[in-house]
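K.L.:
Could you look at this predicted model? Sequence included:
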Amino acid sequence: MACSKVNLKKIATHWPDMLRVAGSLITNQVRAYDLLRMFGREGHPTPLGAAFAE
């Protein structure tokens with residue numbers, strides 16, 4: 001188990017976008033690889049990527 005706590009504010013801020021991402025994956029409108037690229041690169045996540053990491 002992780003020792004740190006989940007940042008719920010970060011998740012709540014991006015919740016609508018997170019739901020859209022999940023829906024896009026389910027309906028095969030985007031590939032998972034493309035979403036991973038959108039979330040950030042090499043240790044520098046976008047705000048949405050950081051919310052998913054929480």
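P.N.:
Arrived safely, thanks for sending. Numbering: from 1, shown residues only.
K.L.:
centre of the chain versus the strand or helix carrying residue 34, how much separation?
P.N.:
Per DSSP states H and E: residue 34 is located in helix 32-38. Taking Cα atoms, centre = their mean, to the nearest Å, one finds the center of helix 32-38 at 10 Å from the center of the full chain.
K.L.:
Pull the residues that contact the helix or strand following that helix.
P.N.:
Using DSSP H and E, the next helix or strand after helix 32-38 towards the C-terminus is strand 40-41. The contact list for strand 40-41, computed with Cβ atoms under 8 Å, 6 or more residues apart in numbering, reads 46, 49-50. Quick note: C-beta positions are derived from backbone N, CA and C, even for glycine.
K.L.:
same question, stretch 12-28
P.N.:
11, 29-30, 32, 35, 47-48, 51-52.
K.L.:
Tabulate the residues you listed (JSON lines), appending distance to residue 21.
P.N.:
Shown next, in JSON lines, are the contacts of stretch 12-28 (distance: Cβ to Cβ, whole Å):
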{"residue": "11", "distance to residue 21": "13"}
{"residue": "29", "distance to residue 21": "10"}
{"residue": "30", "distance to residue 21": "8"}
{"residue": "32", "distance to residue 21": "10"}
{"residue": "35", "distance to residue 21": "6"}
{"residue": "47", "distance to residue 21": "13"}
{"residue": "48", "distance to residue 21": "8"}
{"residue": "51", "distance to residue 21": "10"}
{"residue": "52", "distance to residue 21": "8"}
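K.L.:
circling back: let me have the contacts of strand 40-41 in TSV, extended by neighbour count and secondary structure.
P.N.:
Converted to TSV, the contacts of strand 40-41 look like this (neighbours: other Cβ atoms under 10 Å; DSSP: H, G, I helix; E, B strand; the rest coil):
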residue	neighbour count	secondary structure
46	13	coil
49	17	helix
50	16	helix
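K.L.:
Right, I'll leave it there.
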